[in-house]
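Enquirer: Sequence first, predicted model second:
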There are 2 protein chains.
Amino acid sequence: MKAVHSIPVAIAFGLGSSVAIGNDDLQERAQMLFDPIPDSAASHIDERNEMTPEKIELGKLLFFDPRLSASQTISCNTCHNVGMGGDDNIPSSVGHNWQRGPRNSPTIFNAVFNVAQFWDGRAEDMTEQAKGPIQAGVEMNNTPANLEATLQSIDAYVDAFEDAFPDSEQAVSFDNTAKALEVYQATLITPDAPFDQYLKGDTDALTDQQIAGLDAFVNKGCVACHNGVNVGGQGYYPFGVVNRPGAEIMPEGDTGRAQVTETASDAYVFRSPSLRNVELTAPYFHSGNVWSLQEAVSIMNDAQLNSLLTEEDVVNVTAFLRSLTGRQPEVVYPDLPLRSESTPMPDIPDYPRASGAEG
Amino acid sequence: MKAVHSIPVAIAFGLGSSVAIGNDDLQERAQMLFDPIPDSAASHIDERNEMTPEKIELGKLLFFDPRLSASQTISCNTCHNVGMGGDDNIPSSVGHNWQRGPRNSPTIFNAVFNVAQFWDGRAEDMTEQAKGPIQAGVEMNNTPANLEATLQSIDAYVDAFEDAFPDSEQAVSFDNTAKALEVYQATLITPDAPFDQYLKGDTDALTDQQIAGLDAFVNKGCVACHNGVNVGGQGYYPFGVVNRPGAEIMPEGDTGRAQVTETASDAYVFRSPSLRNVELTAPYFHSGNVWSLQEAVSIMNDAQLNSLLTEEDVVNVTAFLRSLTGRQPEVVYPDLPLRSESTPMPDIPDYPRASGAEG
């Protein structure tokens, strides 16, 4: 895991430069700083977890199956909704027994291109990541043993695991569940955003306002943390490096990467989020309390850039960010395999049922 | 609303007859008692709520949109999962603030063919039905005013409502929401089950065991309450008419239709459920505490038929019921319309967020 933790790009590309550059130059510079979303993520994970059709198919079943959770009511798609930009559009997810996680659910779209997973990057890849929410007490609250017993009890899953993992001694396993989930989620990418078309050479793909926003984004420092194929997600940076945002945005108790590395200098360091499809994924920041994209840009301007962006820049950068919305994945809802009589029961805390006629 | 509340069919067709009949006769009798699922439900609702493509498209967005609930986390599909036979496969649904409803969530598949909706038939049609869960405190806990404000704040919804309801003075409305949901749900039908093929003339569509089960089903009384296109769902019948099941299966506090009609003789009367796709919709009964289909058949044999079915009949009837699984609807997950800055916030009861690094 690379621990990039500085702002070299900002310096290299002239943080604070006020020299206007031509549109051709801007496009060239953008092509150096960013990459278009490719049509497939296979080259990113194939070496360690090959994207076979069998794994994709299995991972898709698992992704939509609420039986991955102890209560059998919460699926991956509950908090990473494929119809809502790959997240849940609420401050922090509602999990088992209506508990709430501490951080805003990140989108899974294009997550395969991030340097690591979770806001603090504590999972090296999406296989490791997938094991988190399944076991987290405030999310799915399941155990590997109960999950394996559930999947093992369902004939169609046993077949699907054996097809997907022909070389595994024990095909139905927690590890293989996570691997299949990674492979399916690696299909959830969003190519062909206007910005991708621009990067590929179509200068008309962005509006004039978006080009002005890109100019500010590149030349006034945003690009320091938000670069690469995901326009972010590539490294770790201190939040509030210039001015510390209020507690609602940056709660004191959540010190981010310091909780992973146990290093004081990592306090309030987070993996920069990808800005791909950002207009679809409000509310913003790890705390999830800012609903307006323009307000989020303003907050970053103050916290990270010492208000180098003018008010007009903020408006233009916001317009530019809307050019990062790509073609959303087309997903046919899977028919989930039928339980058997030996499938474990749902574990739903014993809230009394309501009486009366509802239902 | 027809209030069929007797067992005339059972009598007309020889409840308790032990005369073996030929397979040709059985097929003819079945064709009189049942109808195949048609390819479209349009003729069932077009007269009062035309199934236009615009309403179907809008209704599909609404069906998958968690913003129909106050917390913005619960969609129709949460409890009526299109990948799980149209219900949630748990005893009773988990709703707002992790409350549980009193009754097992009925499948929406083929619900358009039922005489009325809900276990007690208190909604005449699926338009009326749709208004229930949206407002129920233990389900989505929303209000018509908040729902309308939410939809009105989202441009793509305003356009979709105007396209779907061009003659409405106020296109975006709670009533039209329910109408669009009915129309979309009327597309969620499951034709071409083996039993449908049998009804259409293919005698090889059922196994010998399933034919023996159909024979018992028709000639020993099940058909009294489970007939018509939905093999049930057509009338109201007392549960436990011969022997009253235990409180776990028939809780004393839930008197069913009596709570609707306020008529003593309707105590423990329920609308018979459709048995279409019944193998996909465990657990069974309005209380949702029986997980085995064969056990459910046994319970009905005792409760309603005074154990007229032999043990072998019970096994065969169970096999026959598995022939009622039709072609599941193919659903492409919709891209949900983007919220605006005036969209109401999610109303999530103020559970403290977990601390620590999860998320």
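Expert: Okay, I see it.
Enquirer: just checking, residue A:270 is part of a strand?
Expert: Yes. According to DSSP: H, G, I helix; E, B strand; the rest coil, residue A:270 belongs to a strand.
Enquirer: got the residues of the stretch 251-359 of chain A near chain B?
Expert: A:253-254, A:259-260, A:279-280, A:282, A:286, A:291-292, A:328, A:330-336, A:338-339, A:341, A:345-346, A:348-349, A:351-359 (Cβ under 8 Å from any Cβ of the partner chain). Yep, even glycine has a C-beta here, placed from its N, CA and C like the rest.
Enquirer: are any of those buried, and which?
Expert: A:254, A:260, A:280, A:282, A:286, A:291, A:328, A:331, A:333-336, A:338-339, A:346, A:348, A:353-354, A:357-359 (16 or more other Cβ atoms under 10 Å in any protein chain shown).
Enquirer: What about those residues, which are in strands?
Expert: Secondary structure assignment (DSSP state E) places none of these within strands.
Enquirer: got a list of what the residue most central in space within chain A touches?
Expert: Closest to where the C-alpha atoms of chain A average out (Cα atoms, centre = their mean) is residue A:107, at 3.3 Å. Taking Cβ atoms under 8 Å, 6 or more residues apart in numbering or on different chains as the criterion, residue A:107 is in contact with A:80, A:85-87, A:274, A:276-277, A:280-281.
Enquirer: Helices along the stretch 201-350 of chain A, start to end?
Expert: A:208-219, A:258-261, A:293-305, A:311-321 (DSSP state H, counting those that start in this stretch).
Enquirer: Flag whichever of those has the least confidence on average.
Expert: Among these, helix A:258-261 has the lowest mean pLDDT, at a mean of 94.
Enquirer: Could I have the CA atoms of that one written out in PDB?
Expert: This file holds the C-alpha atoms of helix A:258-261, laid out as PDB (Å, rounded to 0.1, in the frame of the first residue of the first chain):
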ATOM      1  CA  ALA A 258      -4.000   7.400  12.600                       C
ATOM      2  CA  GLN A 259      -6.300   4.700  13.800                       C
ATOM      3  CA  VAL A 260      -4.800   2.400  11.200                       C
ATOM      4  CA  THR A 261      -1.200   3.300  11.400                       C
END
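Enquirer: rewinding a little: could you look up the SS state of the residue nearest to the centre of chain A?
Expert: Residue A:107 ends up coil, using three-state DSSP.
Enquirer: Not counting sequence-adjacent ones, nearest residue to it?
Expert: In this structure, residue A:107 finds its nearest non-sequential neighbour in residue A:86, 3.7 Å apart by Cβ to Cβ, 6 or more residues apart in numbering or on different chains.
Enquirer: So for that neighbour, what pLDDT did the model give?
Expert: 98.
Enquirer: What residues does it make contact with?
Expert: Neighbours of residue A:86 in contact, by Cβ under 8 Å, 6+ apart: A:80, A:107-109, A:111, A:188, A:277, A:280-281.
Enquirer: Do me a favour and get the end-to-end distance for stretch A:39-48?
Expert: Stretch A:39-48 has an end-to-end distance of 19 Å (criterion: Cα to Cα, to the nearest Å).
Enquirer: and if you look at stretch A:281-293?
Expert: 9 Å.
Enquirer: Then stretch A:107-116?
Expert: End-to-end for stretch A:107-116, by Cα to Cα: 13 Å.
Enquirer: Equivalent analysis for stretch A:232-240, please.
Expert: 17 Å.
Enquirer: can you check stretch A:174-194 too?
Expert: Per Cα to Cα, stretch A:174-194 runs 39 Å from first to last residue.
Enquirer: ok, now stretch A:241-255?
Expert: End-to-end for stretch A:241-255, by Cα to Cα: 13 Å.
Enquirer: For the nearest residue in space to residue A:269 that is not next to it in sequence, give me its contacts.
Expert: Once flanking residues are discounted, residue A:269 sits nearest to residue A:257: 4.1 Å by Cβ to Cβ, 6+ apart. Neighbouring residues of residue A:257 by Cβ under 8 Å, 6+ apart: A:120-121, A:236, A:266, A:269-271.
Enquirer: Now do the strands in the stretch 151-300 of chain A.
Expert: Here the stretch 151-300 of chain A has its strands, by DSSP state E, counting those that start in this stretch, at A:236-238, A:269-271.
Enquirer: quick one, which of those strands is packed in tightest?
Expert: strand A:269-271 (a mean of 25; mean count of other Cβ atoms under 10 Å in any protein chain shown).
Enquirer: So which elements touch that one?
Expert: For strand A:269-271, the elements it packs on are strand A:236-238, judged by 3 or more Cβ pairs under 8 Å, 6 or more residues apart in numbering or on different chains; DSSP states H and E.
Enquirer: Please state the offset of the strand it packs on from the chain centre?
Expert: 17 Å (Cα atoms, centre = their mean, to the nearest Å).
Enquirer: strand partners of that strand, parallel vs antiparallel please.
Expert: When pairing is defined by DSSP bridges, strand A:236-238 lines up against strand A:269-271 (antiparallel).
Enquirer: neighbouring contacts of the strand it pairs with?
Expert: Looking at strand A:269-271 with Cβ under 8 Å, 6+ apart, the contacting residues turn out to be A:5, A:114-116, A:118-121, A:233, A:235-239, A:256-258, A:286.
Enquirer: could you redo the last one with a cut-off of 10 Å?
Expert: A:1, A:3-5, A:103, A:106, A:114-122, A:225, A:232-239, A:241, A:250, A:254-258, A:260-261, A:263, A:285-286 (Cβ atoms under 10 Å, 6 or more residues apart in numbering or on different chains).
Enquirer: Return the mean pLDDT over it, rounded to an integer.
Expert: Strand A:269-271 comes out at a mean pLDDT of 96.
Enquirer: can you check stretch A:91-111 too?
Expert: Mean predicted lDDT for stretch A:91-111 stands at 95.
Enquirer: now do the same end-to-end measure for that stretch.
Expert: Terminal-residue distance, stretch A:91-111 (Cα to Cα): 19 Å.
Enquirer: quick one: the helices in the stretch 51-200 of chain A?
Expert: According to DSSP H, counting those that start in this stretch, the helices that the stretch 51-200 of chain A contains are A:53-64, A:76-79, A:126-135, A:144-152, A:155-164, A:174-185, A:194-199.
Enquirer: For residue B:193, find the nearest of those helices.
Expert: helix A:155-164 (18.4 Å; Cβ to Cβ).
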